[in-house]
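Trainee: Sequence plus predicted model, see below.
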Amino acid sequence: MLVRIVKMTLREDTVDYFKHFFESRKEQIRNFEGCHYLELWQDLLHTNVFFTYSHWINADALDHYRNSSFFADTWSQTKQLFAAKPEAWSVNQLAIMP
(Lines give C-alpha, C1' and ligand atoms only; values in the text may rest on other atoms or scores of the structure.)
Protein backbone atom coordinates (compact mmCIF):
# COMPACT_ATOMS: atom_id res chain seq x y z
CA MET A 1 0.00 0.00 0.00
CA LEU A 2 1.09 3.53 -0.79
CA VAL A 3 0.05 6.53 1.32
CA ARG A 4 -0.17 9.87 -0.46
CA ILE A 5 -0.13 13.17 1.42
CA VAL A 6 -0.61 16.43 -0.46
CA LYS A 7 -0.27 19.84 1.20
CA MET A 8 -2.15 22.72 -0.41
CA THR A 9 -1.90 26.33 0.74
CA LEU A 10 -4.86 28.25 -0.62
CA ARG A 11 -5.56 31.93 -0.97
CA GLU A 12 -7.67 32.99 2.02
CA ASP A 13 -10.54 34.10 -0.22
CA THR A 14 -10.85 30.64 -1.82
CA VAL A 15 -11.15 28.45 1.30
CA ASP A 16 -14.94 28.14 1.27
CA TYR A 17 -15.00 27.50 -2.47
CA PHE A 18 -12.37 24.77 -2.08
CA LYS A 19 -14.34 23.03 0.67
CA HIS A 20 -17.44 22.91 -1.52
CA PHE A 21 -15.44 21.84 -4.55
CA PHE A 22 -13.77 19.01 -2.63
CA GLU A 23 -17.15 17.95 -1.23
CA SER A 24 -18.46 17.64 -4.79
CA ARG A 25 -15.50 15.50 -5.91
CA LYS A 26 -14.57 13.40 -2.88
CA GLU A 27 -16.76 10.41 -3.79
CA GLN A 28 -15.25 10.19 -7.27
CA ILE A 29 -11.72 10.47 -5.89
CA ARG A 30 -12.34 7.84 -3.21
CA ASN A 31 -14.06 5.50 -5.67
CA PHE A 32 -11.35 5.81 -8.31
CA GLU A 33 -9.88 2.40 -9.07
CA GLY A 34 -7.01 1.72 -6.68
CA CYS A 35 -7.96 4.26 -4.00
CA HIS A 36 -8.86 2.57 -0.73
CA TYR A 37 -9.11 5.55 1.63
CA LEU A 38 -9.38 9.35 1.52
CA GLU A 39 -9.34 12.13 4.09
CA LEU A 40 -9.19 15.92 3.86
CA TRP A 41 -7.49 17.76 6.71
CA GLN A 42 -7.48 21.49 7.53
CA ASP A 43 -4.76 23.07 9.65
CA LEU A 44 -6.14 24.44 12.92
CA LEU A 45 -3.88 27.49 13.04
CA HIS A 46 -3.50 28.27 9.34
CA THR A 47 -7.02 27.58 8.09
CA ASN A 48 -6.04 28.12 4.47
CA VAL A 49 -3.74 25.06 4.59
CA PHE A 50 -5.24 21.72 3.64
CA PHE A 51 -3.91 18.20 3.29
CA THR A 52 -5.30 15.23 1.45
CA TYR A 53 -4.41 11.85 2.92
CA SER A 54 -5.13 8.85 0.74
CA HIS A 55 -4.30 5.16 0.46
CA TRP A 56 -3.57 3.58 -2.93
CA ILE A 57 -2.95 -0.07 -3.70
CA ASN A 58 0.37 0.85 -5.35
CA ALA A 59 2.23 3.55 -7.31
CA ASP A 60 0.72 2.36 -10.60
CA ALA A 61 -2.81 2.95 -9.27
CA LEU A 62 -1.86 6.46 -8.13
CA ASP A 63 -0.23 7.18 -11.48
CA HIS A 64 -3.34 5.92 -13.29
CA TYR A 65 -5.42 8.40 -11.26
CA ARG A 66 -2.95 11.24 -11.82
CA ASN A 67 -3.02 10.60 -15.59
CA SER A 68 -6.84 10.53 -15.78
CA SER A 69 -9.00 13.24 -17.32
CA PHE A 70 -10.89 13.47 -14.01
CA PHE A 71 -7.68 14.35 -12.15
CA ALA A 72 -6.60 16.79 -14.88
CA ASP A 73 -9.90 18.65 -14.57
CA THR A 74 -9.90 18.58 -10.76
CA TRP A 75 -6.28 19.67 -10.45
CA SER A 76 -6.58 22.45 -13.05
CA GLN A 77 -9.45 23.95 -11.06
CA THR A 78 -7.76 23.45 -7.69
CA LYS A 79 -4.38 24.92 -8.63
CA GLN A 80 -6.03 28.24 -9.49
CA LEU A 81 -6.77 28.59 -5.76
CA PHE A 82 -3.19 28.19 -4.52
CA ALA A 83 -1.26 30.82 -2.60
CA ALA A 84 1.87 28.65 -2.62
CA LYS A 85 3.28 25.72 -4.53
CA PRO A 86 1.71 22.43 -3.37
CA GLU A 87 3.84 19.74 -1.78
CA ALA A 88 3.29 15.99 -2.06
CA TRP A 89 4.72 12.86 -0.51
CA SER A 90 4.26 9.20 -1.34
CA VAL A 91 5.18 7.11 1.69
CA ASN A 92 5.07 3.57 3.00
CA GLN A 93 3.08 3.03 6.18
CA LEU A 94 5.38 1.24 8.59
CA ALA A 95 3.33 1.10 11.81
CA ILE A 96 -0.24 1.69 12.94
CA MET A 97 -1.10 2.05 16.61
CA PRO A 98 -4.92 2.26 16.94
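Mentor: Perfect, I can see it now. Numbering: from 1, shown residues only.

Trainee: quick one, helices of the chain?
Mentor: 15-30, 59-66, 69-78 (DSSP state H).

Trainee: ranking these by burial, who's on top?
Mentor: helix 59-66 (a mean of 15; mean count of other Cβ atoms under 10 Å). No exception for glycine: its C-beta is placed from N, CA and C like everyone else's.

Trainee: could you dump the helices of the chain to a markdown table with mean pLDDT?
Mentor: What follows is the helices of the chain, written out as a markdown table (pLDDT from 0 to 100):
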| stretch | mean pLDDT |
| --- | --- |
| helix 15-30 | 98 |
| helix 59-66 | 98 |
| helix 69-78 | 98 |
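
Trainee: Tell me which of those helices lies nearest to residue 95.
Mentor: Nearest to residue 95, of all those, is helix 59-66, at 20.6 Å by Cβ to Cβ.

Trainee: which residues sit against that closest one?
Mentor: Helix 59-66 is contacted from outside by 2, 4, 29, 32, 33, 34, 35, 56, 71, 90, using Cβ atoms under 8 Å, 6 or more residues apart in numbering.

Trainee: and it, how far out from the chain's middle?
Mentor: Using Cα atoms, centre = their mean, to the nearest Å, the mean C-alpha position of helix 59-66 is found 13 Å from that of the whole chain.

Trainee: contacting residues for residue 91?
Mentor: By Cβ under 8 Å, 6+ apart, the contact list for residue 91 reads 2, 3, 4, 5.

Trainee: Just the buried ones from the contacts of helix 59-66?
Mentor: Neighbour counting by 16 or more other Cβ atoms under 10 Å classes 2, 4, 29, 32, 34, 35, 56, 71 among those as buried.

Trainee: Take these and keep only those in strands.
Mentor: Per DSSP state E, strands hold the following members of the buried ones among the contacts of helix 59-66: 2, 4, 35, 56.

Trainee: Dump those to a markdown table, plus distance to residue 16 and pLDDT.
Mentor: What follows is these, written out as a markdown table (distance: Cβ to Cβ, whole Å; pLDDT from 0 to 100):
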| residue | distance to residue 16 | pLDDT |
| --- | --- | --- |
| 2 | 31 | 96 |
| 4 | 25 | 98 |
| 35 | 25 | 98 |
| 56 | 29 | 98 |
